[in-house]
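Undergrad: Take a look and give me a structure for this.
(one chain, ligands or ions: 1)
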Amino acid sequence: MDCPQPLANALKQDTRLPQLRQLLDDDACQHIYIVGGAVRDAITTGQLPADLDMVTTAGNAMALAQTLAKQLNSTLVPLHEELGMVRVVWHSHVKDEPPTYIDLSDAVGNSISEDLVRRDLSINAMAVSLNGEQFFDPYDGLSDLTTGVIRGISKTNFVEDPLRLLRVFRFAATTDATNIHPDTLAWVAELNHTLWNVAAERIQTEWLKLLSASNTYPWLCAMGQCGLLEALIPELTATKAIPPNSHHHLDLWHHTLELVKQLEATVLPSTAPEWQQHLTQPFAPGITKKGVLTFGCLMHDIGKPATHEILETGRHAFHGHDKVGDEMTIAICKRLKTGNTIAKQVAFLVRWHLYPCAFTPQSAQKSLLRFYRRMGDLTPDVLLLAMADRLSTRGPDITDAMVSEQLDQFNWLLTQYPAMREKEQVPPLLSGTDIMQLLNLPQGRHIGDCLKQVREKQLLGELTTADDAKQWLQQHVSPTV
Ligand code: CTP
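TA: Model (predicted):
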């Protein structure tokens, strides 16, 4: 089969392949194929990615990897000894250029067609020989990639590795697909309960990669329809029982998804490039702040079912749902083994998603300052979530004027943030040691409290010099003898 043009170009332009071919003898080269994501990405971007997945049909993956590691003076990391899977970490001579990870394994059954039939999706089951002469695409991956179809290879492959159930939606989102083949959706619906048979770490990576894509809404809805979203996070099921009310035109399940839609379709495209850029900050390859924000959107009202009450007036109340949601989010992230940094950020978004509603441009400087200081680096994330929440909460008691007034407020808070962040760069007037000496107090929490108060007054412009600060402390805090 002819190699598609973008792939042929990518192979021709890549400077690493001739070096590899030179290091290996002709016979070895003839049995090596580039497979999976590297082929898919080269077709879509016209460039081979930094990391290369390769298989050999000669059954000598380990020996080849040892040769490469020795010749390239690089590190060898065994990944899966039984499957003959090994990684060569090839450091570039060019300064600051990232290393190439070559993941080399023995082709299943020492045959390229047997190997491809065991893979997850048609778009990930293409291969090209190392010399670029032979292209294999037994499941029409090229056509699916071009037309935006996500198609599983077989149900058996999903049974074999249930992580693939989630990968269906991850690749739908990250390749900007337009639809998932109906048979594939049916397999997901049938097998959704098996997802947790795989390690949490693997689930977590696919989940966060999915959420980091720019258009996740249709795929989260599709996951919902197949029962995979509830299989992944069973706490979401209870949101289906929370009906619409005077503030919400949708039940809680649909409100939650609507919020993601509003974030992706309305809020993010219209926000300043600075905040769009902010959300591209990576946590890991393919996982960004956007992913964490989208996770926060999905979790923002997770505490509502447990706190739901209907008051005598008929109003629906959810007192403390932000705090309950914070705790539930931590537990969910723990189960997913996201690590503390991500867990804390998602939970923070849940805990504070209502906080921006408390402000107007007339709010006291002191309370505004406290808002920015408490929200810190997550200020834009909290505000963007609050905007999407505002846009997806349109019950009969909510007028257009209320929505636009509140969006204006959130936008105003966002535009003020850079100046606030700038102010924080000014060094503090006093250090903890200064305060301990001044008040003759030992180290402890009270010193932290003093520091915080002085800093707040400094940022509000009420204290401008170290002497002012010392005087204020002496007047307001009683020293010990
Ligand atoms: N694969 C699979 N089933 C899995 C994981 C991987 O069939 N559960 C196969 C696919 O052919 C995939 C290849 O192994 O293309 C490499 O997997 P991986 O590195 O996880 O994904 P990539 O396709 O390389 O995509 P990305 O780099 O975005 O993770």
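
Undergrad: Using CSV, list the CA coordinates for the helix or strand containing residue 380.
TA: Element membership for residue 380, per DSSP states H and E: helix 379-391. Taking C-alpha atoms only, helix 379-391 is exported to CSV below (Å, rounded to 0.1, in the frame of the first residue of the first chain):
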residue,chain,number,x,y,z
THR,A,379,-7.9,33.3,40.1
PRO,A,380,-8.5,33.1,36.3
ASP,A,381,-9.6,29.4,36.6
VAL,A,382,-12.2,30.1,39.4
LEU,A,383,-13.5,33.1,37.4
LEU,A,384,-13.8,31.2,34.1
LEU,A,385,-15.7,28.4,35.9
ALA,A,386,-18.0,30.9,37.5
MET,A,387,-18.7,32.5,34.1
ALA,A,388,-19.6,29.1,32.6
ASP,A,389,-21.7,28.4,35.7
ARG,A,390,-23.6,31.7,35.3
LEU,A,391,-24.3,30.9,31.6
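
Undergrad: Could you give the separation of it from the chain centroid?
TA: Put simply, helix 379-391 sits 17 Å off its chain's centre (CA atoms, centre = their mean, to the nearest Å).

Undergrad: Show me which residues of the stretch 51-200 of the chain sit near the ligand.
TA: For the stretch 51-200 of the chain, the residues found near the ligand under the criterion CB under 6 Å from any ligand atom are 53, 119, 120, 124, 161, 163, 164, 167. Backbone N, C-alpha and C define where each C-beta goes, glycine included.

Undergrad: buried residues in the helix or strand of the chain with the lowest mean pLDDT?
TA: One helix or strand of the chain scores below all others by mean pLDDT, DSSP states H and E: strand 75-80, with a mean of 87. Neighbour-count burial for strand 75-80 flags residue 76 (criterion: 16 or more other CB atoms under 10 Å).

Undergrad: so what strands line up beside that strand?
TA: Sheet partners assigned to strand 75-80 using DSSP bridges are listed as strand 85-90 (antiparallel).

Undergrad: and the strand it pairs with, C-alpha only, in PDB?
TA: The C-alpha trace of strand 85-90 is given here as PDB (Å, rounded to 0.1, in the frame of the first residue of the first chain):
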ATOM      1  CA  MET A  85       9.000  -4.000  25.300                       C
ATOM      2  CA  VAL A  86      11.900  -1.700  26.000                       C
ATOM      3  CA  ARG A  87      12.500   2.100  25.900                       C
ATOM      4  CA  VAL A  88      15.600   3.700  24.500                       C
ATOM      5  CA  VAL A  89      16.100   7.300  25.800                       C
ATOM      6  CA  TRP A  90      18.000   9.000  23.100                       C
END
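
Undergrad: rewinding a little: please dump the residues of the stretch 51-200 of the chain next to the ligand into TSV; it should also carry secondary structure, neighbour count and pLDDT for every row.
TA: Shown next, in TSV, are these (DSSP: H, G, I helix; E, B strand; the rest coil; neighbours: other CB atoms under 10 Å; pLDDT from 0 to 100):
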residue	secondary structure	neighbour count	pLDDT
53	strand	20	95
119	coil	23	96
120	coil	22	97
124	helix	22	98
161	coil	16	96
163	helix	19	98
164	helix	26	98
167	helix	22	98
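
Undergrad: With respect to residue 147, which of those residues is nearest?
TA: Closest to residue 147 out of these is residue 124 (15.9 Å), distances taken as CB to CB.

Undergrad: Could you list which residues are in contact with the closest residue to that closest one other than its chain neighbours?
TA: Distances taken as CB to CB, 6 or more residues apart in numbering place residue 36 nearest to residue 124, at 5.1 Å, with adjacent residues excluded. For residue 36, the contacting residues are 53, 119, 124, 125, 126, by CB atoms under 8 Å, 6 or more residues apart in numbering.

Undergrad: same thing but 7 Å
TA: The neighbourhood of residue 36, defined by CB atoms under 7 Å, 6 or more residues apart in numbering, consists of 53, 119, 124.

Undergrad: And the helix ranked longest in the chain, what does it pack against?
TA: Secondary structure of the chain per DSSP state H: the longest helix is helix 400-423. Packing contacts for helix 400-423, counted by 3 or more CB pairs under 7 Å, 6 or more residues apart in numbering; DSSP states H and E, involve helix 379-391.

Undergrad: What about residue 446, how many residues nearby?
TA: By other CB atoms under 10 Å, the residues close to residue 446 number 14.

Undergrad: what helix or strand is it on?
TA: Using DSSP H and E, residue 446 falls within helix 445-459.

Undergrad: how close does residue 403 sit to the ligand?
TA: 38 Å (CB to the nearest ligand atom, to the nearest Å).

Undergrad: number of nearby residues for that residue?
TA: With other CB under 10 Å as criterion, residue 403 counts 14.

Undergrad: Find the nearest non-adjacent residue to it, please.
TA: residue 390 (6.0 Å).

Undergrad: Identify the residues contacting that neighbour.
TA: Per CB under 7 Å, 6+ apart, neighbours of residue 390: 403, 406, 407.

Undergrad: Look up the pLDDT of the residue found closest to residue 391 once you drop the neighbours it is linked to in the chain for me, please.
TA: For residue 391, ignoring the flanking residues on the chain, the nearest one in space by CB to CB, 6+ apart is residue 262 at 4.1 Å. Listed pLDDT for residue 262 reads 96.
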